[in-house]
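In: task: produce atomic coordinates for the following.
(3 chains)
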Amino acid sequence: MASRQSWITMKRCHLPCCLTVIVALFLTMSVGQAQARRLTPLRLSPAPALNAEKCEQHGAQPVRAAARGGQRRQQGQRPAQESEHRPQPVRTYYFNGHQRLAQIEAFVRRPDGSIIQPTLQLGVKPNLSFPTPFGEGPGHGANNVYLLEQGVEDHVLVVRSAQWLTMHHSCGWGHDHKFDMERTQPQALNTLPLEIIIADLWDSNFHAKVTSGQMLTITALSYGKPLIGAKVQLQTAEKWVKEVVTDKNGSASLQLIRDYYPTKWSDFKRTKRGKFLVTAFYEAEEQGVFKDMEYERVRYITTLPWHYSPARADYSSYGLGLMIGLLGFTFTGGGIYFYRERRKKPYRGISLDE
Amino acid sequence: MQSDTDKRFARMQKTTGLHLAMETEETLQRLTEFPDNPVSMKYFYDLFHNLYKDGHSLPTAKKVIGTICLQVPDELIYAAGATPMRMCSGAYAYDQVGAEFLPAKSCPVVKATTGMLHLNQSLWGESMASVVVPTTCDQKKKSAEILKEMGYPVYILEMPSSKDSDDARFYWQESVKKFALDLQQITGTKITSSKLQDVIAEMAECSRLFRKLNELRRAKTPLIFGKDIFLVTSAYFVDDMASWRRAVRRLIAELEERNKNDLTITNRQAPRLLLTGSPPIFPNLKVPILVEQAGGIIVADEVCSSNRLLYDTVAYDETNLNDMVPALADRYLKPCTCPCLTPNTDRNRKLEEMVKSHRVEGVVYQAFSGCLPYEMEQKQISNTLTEAGIPMLYLETDYSSEDLGQLSTRIEAFIESIKARRRKN
Amino acid sequence: MSKALKSFRRAINNANLSRFRFYFQAASFVLLVYGGYLAINIGDQLPTFGCIFTEHRGGSCYLFGLQHQMATPWKSYLSGRGIGILVGLLTFFAFFIVFNKAWCGFACPLGTIQDWLTALRNRFKVRYGNYSEPVFQRLGKIKYILLALLILIPMGMGNSFFGLPKLNHDFGVPFCMICPGRTVLPLFSGDFSQLAIDLSSKTKMIFTALGLLITGIFLAGSFIKKRFFCLFCPMSAFHYIFAKAALLRLSKDGAKCTRCGNCYRACDVGIRAIADDLEHKNIVKDDCMMCFKCVEMCPEEGCLKVKFLGLPIYESTEEGFFKRMQGHNNAK
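Out: The predicted structure is shown next:
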């Protein structure tokens, strides 16, 4: 509903706005051609957590570092990762810049299915924020965060969106909704022109569970319906890229690569979280008018980042486990057997040491 | 050609047989003299009558294994295909024969048993596969050596003289396990789990019935005399288990009927007494008969010829021999209150509990002269009972009838004193 | 007492509790291991070994939560985290106080597995093992050491003891890491992942290796010794702290006891006091799992009693004993 209203407001266009769009279009005409071919995807990234405690296991950064995170990040430091174990009362996400003339909006689908509009702040550091109150109930589970930007560039309607999944959960609240299909399965919003859904990103306890080497099933949806022929690309932080095209069900599968190879065994961190970004791209021959501007085709692009850990198989061994287990078993069983056999022999008597 | 000794032996055999028959008849007569004897007791009267009628015969043709103490696990003997027969004798006639082998001051039970086995060796020797003697009291241990010399296949079942420590318990379990193995050699039959289960169940039924009798004796209305109970349990020594059970079931049914109709066997006000100490074994039911003739009623007992013989139960957890045989061993050691064990405080506790549960007013402590363990434990039992406010009569006696007069005077006085106490309270 | 009630109680006392226990154990095994499939979850503060590592469990052991919560800095004990710890403890207590240690004898899935192994051994006609009394006493102390460690090690993760560096995260839930419940119970829902050795760090490696070694010992040990693991179980030690306050009790009348030792024979754990202690009325010892086999095996009228809130609900009777022994024989 909320998004339908925004479609209506879009048509109420002001003259100055239109003018600037035209001017901008002229100015960017030359480079626009190239840009249109290689769209810069819109991306969301979390603001450093201010209240997060140090939690080595779950990757949230210490309070001190997080407080200074704003400056540090510019020096190349990665932003603090979110932890589904340490919820925060308010979430803020930055995005990587936007077209000034485009229309931009954001929604959050909360785990209980309600939709709220986060506070959008455009400007130098464009960001959106929304409350994620502590406690159980509606806040328990995955929040789907959407940022949607639409604008016509060079007779092409460019629809760029960015998705983010905020796992809002603390084990302290218990795992009450673990049998709730709507919370344990990814949910889509049928008002979005293009959306990515990835199965099995988290387990029924609301903990991220993707590991390297895992098969990912990615579904592209358009207004809730499967989208055939969309290009889906997965890129890891190490720039490994793989692209697939969705089938008639709108889904495509690809295997996540293993790209974590520390040189020494002791450097290996089981809790290491690699990041990947899934981008879906789709182009349609559609004519229409958007904000008094005609377009001949539409380009959709959306992104969804997630993270993954080393696969258990990378650092665990069943063979060794079985061996050690058998060792314990035979040692005990054999011990008992020999003890019993020994006891059957007659008493030997006492011998004194000289 | 008969030698002098043989002649003498034959003569002794004959006279002892006569004495035994007389003794039996006399005892049976005194037992049946009581009014209102339960009809179903007739089975037991007849049993003993027939047993000693003409010569003392073994009541079964099967392979018999004699046991000289209740500490021998009968279940194993049955499971090994033989019939256990408790050889402890209460016959004065045999006691006199046994005096040849043992000092005059030794215990009449041991003397009588030795005498009996000596006299009947030629008759029973064939069918007695073994005589099992547990190492309980010194006299039994020594009698085992005498029996061995006579030529009996004596089996010494080693038993600890204490039961509290784990060591004692395991020693006894090993001893019983070894007994089980040796029994299979003796009888040539393998003890199997299923056979042993059956036997345990059968004997459990015996103790269930005994406990039922015991419960009936608890009733406010006196239903049965103690002298009859001792006859029933003495019968268990020698009788076939199945027919014994049938007879006891009939007796129980009769007593229950009497209880329902509020029929009492004696005066309702008869002082309720408990008999403990050396075992009254048929035909030596001298003391119980005297007590009950004097107006008391024995409502409970703590003797190895009755309560201790049949009260306790075997409980095994698993149906394999390695659990059942130690379970059997435990049944014969753990609850045992024989004075040959030290410490034997369980006996004091057991008496105290029985005094309460059977509303006992006085305790008669019978000690056979020569039976040192019971004589020596008299003091501590007396102390315990005094603390509990229960009077105790200590009687030192034997199998002879010489002390009848003296005993009956003391018993009558004791019963009178209990009645007097009652009036005072 | 009315006649109907009397005959009802007689029927109860004559009942074969062990058979009932067998089915009850199987049912609670299903509930605790597969409860999730039926969308049942009775919580993660149970005084028994439902295992948190079992994906579709119907409830899990409090020790996991306790260890997890103990890894809290001192100052946080007084904050909301402290309330969390308190709430956890109270939930545990509420579960525990009603059934006392019967959680071990009737509900514990790991205990049930051990009972199944015992039945298997019995079928193979292998004799069981027993400890001698001094060995039993000595081994029995291990559970208290484990209990102390499972509290102290997580504390050492959140805090620094004597200026020593804090333990790293790999020390988390140390007891779970060595508990055979973690490795064995998930197997029942087809999850074999706990059988792997985690090589990602030295600590993890040692813990998982120890866990599997103990699993091997557990399987062989409980095949031979009845309720082998229970003697070392820190949950049992933890129970004992609260056992005196519990509503379900096992009481003994020492005067009626003949020390025949039937109860001691029946005792899967091997508590000698059940036969030899004549003074204490409340006879629940730290190793007791309240299976009440002793009550079944006691032939003395009213010597052993199971009481709830002081009311006897199951007691030893002569009649019941002989009925059960006879049944034992028929069942062969």
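In: hey, let's count contacts and neighbours off CA atoms from now on
Out: Fine.
In: list the contacts of B:N214.
Out: Neighbouring residues of B:N214 by Cα atoms under 8 Å, 6 or more residues apart in numbering or on different chains: B:A300.
In: mind listing what's buried along the helix or strand where it lies?
Out: Here B:N214 sits within helix B:193-217, counting by DSSP states H and E. Judged by neighbour count (16 or more other Cα atoms under 10 Å in any protein chain shown), helix B:193-217 contains these buried residues: B:193, B:195-214, B:216-217.
In: ok, stretch A:283-297 next?
Out: A:E283, A:G288, A:F290, A:K291, A:M293, A:E294, A:Y295, A:R297.
In: neighbours of the one residue in the stretch 1-150 of chain B that gets nearest to chain C, how many?
Out: Closest contact between the stretch 1-150 of chain B and chain C, by Cα to the nearest Cα, is at B:Q71 (13.9 Å). For B:Q71, the neighbour count with other Cα atoms under 10 Å in any protein chain shown is 23.
In: same deal with the one 3 residues further on?
Out: A count of neighbours around B:D74, defined by other Cα under 10 Å, yields 23.
In: now do the same contact list for it.
Out: Counted by Cα under 8 Å, 6+ apart, B:D74 has contacts B:P84.
In: how near is it to chain A?
Out: 26 Å (Cα to the nearest Cα, to the nearest Å).
In: ok, that residue to C:T317 distance?
Out: For B:D74, the distance to C:T317 (Cα to Cα, to the nearest Å) stands at 25 Å.
In: likewise B:K163?
Out: For B:K163, the distance to C:T317 (Cα to Cα) stands at 25 Å.
In: can you tell me how far the residue in the stretch 301-425 of chain B that chain C sits nearest to is from chain A?
Out: Using Cα to the nearest Cα, B:P335 is the residue of the stretch 301-425 of chain B that sits closest to chain C, at 4.1 Å. As defined by Cα to the nearest Cα, B:P335 lies at a distance of 28 Å from chain A.
In: I'd guess the residue of the stretch 1-150 of chain B closest to chain C is in a helix, am I close?
Out: No: counting by DSSP: H, G, I helix; E, B strand; the rest coil, B:Q71 is not part of a helix but coil.
In: state the pLDDT value of the residue nearest to it when sequence neighbours are not counted.
Out: Setting aside the residues directly before and after it, B:Q71 is nearest to B:Y332 in space (Cα to Cα, 6 or more residues apart in numbering or on different chains), at 5.6 Å. B:Y332 carries a pLDDT value of 95.
In: so which bits of the helix or strand B:Y332 falls within are buried?
Out: Using DSSP H and E, B:Y332 sits in helix B:321-333. For helix B:321-333, a neighbour-count test (16+ other Cα under 10 Å) marks B:L321, B:D323, B:M324, B:V325, B:P326, B:A327, B:L328, B:A329, B:D330, B:R331, B:Y332, B:L333 as buried.
In: next one: stretch C:282-298
Out: C:283-298.
In: what's the mean pLDDT across it?
Out: The average pLDDT within stretch C:282-298 is 94.
In: hey, where'd the strands end up in the stretch 51-200 of chain A?
Out: Per DSSP state E, counting those that start in this stretch, the stretch 51-200 of chain A carries strands over the ranges A:90-95, A:103-109, A:115-116, A:119-121, A:127-131, A:141-153, A:156-168, A:195-198.
In: and the contacts of the fourth one?
Out: Residues outside strand A:119-121 that contact it (Cα under 8 Å, 6+ apart) are A:E105, A:A106, A:P126, A:N127, A:L128, A:S129, A:F130.
In: likewise for the second one?
Out: Taking Cα under 8 Å, 6+ apart as the criterion, the residues outside strand A:103-109 that touch it are A:10, A:115-118, A:120, A:128, A:143-151, A:189.
In: ok so, going back, tell me who's in contact with the residue of the stretch 301-425 of chain B closest to chain C.
Out: B:P335 makes contacts with B:D312, B:D346, C:T258, C:R259, C:C260, C:G261, as judged by Cα under 8 Å, 6+ apart.
In: mind doing that once more with 6 Å?
Out: Applying Cα atoms under 6 Å, 6 or more residues apart in numbering or on different chains to B:P335 gives the contacts C:T258, C:R259, C:C260.
In: for chain B, state which of these is nearest.
Out: C:C260 (4.1 Å).
In: need the per-residue pLDDT for the nearest residue in space to that closest one that is not next to it in sequence.
Out: In this structure, C:C260 finds its nearest non-sequential neighbour in B:P335, 4.1 Å apart by Cα to Cα, 6+ apart. We have a pLDDT of 94 for B:P335.
In: ditto for B:V314
Out: Per the predicted model, pLDDT is 94 at B:V314.
In: quick check, it in contact with B:Y332.
Out: No: using Cα atoms under 6 Å as the test, B:V314 is too far from B:Y332 to be in contact (8.7 Å).
In: just the pLDDT for the residue nearest to A:E285 when sequence neighbours are not counted.
Out: Once flanking residues are discounted, A:E285 sits nearest to A:R297: 4.5 Å by Cα to Cα, 6+ apart. Looking at A:R297, its pLDDT reads 92.
In: residues contacting A:R297?
Out: A:V156, A:A284, A:E285, A:E286, A:Q287.
In: which one of the residues you listed is nearest to chain C?
Out: Closest to chain C, out of all of the contacts of A:R297 and judged by Cα to the nearest Cα, is A:A284, at 44.2 Å.
In: do you know how far the closest one is from B:E412?
Out: Taken as Cα to Cα, the span from A:A284 to B:E412 is 123 Å.
In: where in the stretch 251-354 of chain A is pLDDT low?
Out: Within the stretch 251-354 of chain A, the ranges that satisfy pLDDT under 70 run A:348.
In: what about the helices in it?
Out: For the stretch 251-354 of chain A, applying DSSP state H, counting those that start in this stretch gives helices covering A:312-315, A:318-344.
In: about what we covered before: could the contacts of B:P335 go into a markdown table alongside secondary structure?
Out: Shown next, in a markdown table, are the contacts of B:P335 (three-state DSSP):
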| residue | secondary structure |
| --- | --- |
| C:T258 | coil |
| C:R259 | coil |
| C:C260 | coil |
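In: could I get these as a markdown table with neighbour count and pLDDT?
Out: Converted to a markdown table, the contacts of B:P335 look like this (neighbours: other Cα atoms under 10 Å in any protein chain shown; pLDDT from 0 to 100):
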| residue | neighbour count | pLDDT |
| --- | --- | --- |
| C:T258 | 25 | 93 |
| C:R259 | 22 | 93 |
| C:C260 | 24 | 93 |
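In: closest one of those residues to chain A?
Out: Distances from chain A to the contacts of B:P335, taken by Cα to the nearest Cα, are shortest for C:C260, at 27.1 Å.
In: gap between the residue in the stretch 201-332 of chain C that chain A sits nearest to and C:G111?
Out: Using Cα to the nearest Cα, the closest approach of the stretch 201-332 of chain C to chain A is made by C:G216 at 4.0 Å. According to Cα to Cα, C:G216 and C:G111 sit 16 Å apart.
In: now for B:R11, how many residues are close by?
Out: 12.
In: how much space separates the residue nearest in space to the middle of chain A from C:N262?
Out: Central residue of chain A (Cα atoms, centre = their mean): A:W306, 2.7 Å from the mean position. A:W306 is 64 Å from C:N262, where distance means Cα to Cα.
In: count the residues that sit near the residue in the stretch 151-300 of chain A positioned nearest to chain C.
Out: In the stretch 151-300 of chain A, the residue that lies nearest chain C is A:R270 (5.7 Å; Cα to the nearest Cα). Using other Cα under 10 Å, A:R270 has 18 other residues around it.
In: got phi/psi on it?
Out: phi -60, psi -30 (degrees, to the nearest 10).
In: distance of it relative to chain B?
Out: From A:R270 to chain B the distance is 49 Å (Cα to the nearest Cα).
In: ok, now which ones touch that residue?
Out: Neighbouring residues of A:R270 by Cα under 6 Å, 6+ apart: C:S200.
In: doesn't A:E195 make contact with A:I218?
Out: No: using Cα under 6 Å, A:I218 and A:E195 do not qualify as a contacting pair, with a distance of 10.1 Å.
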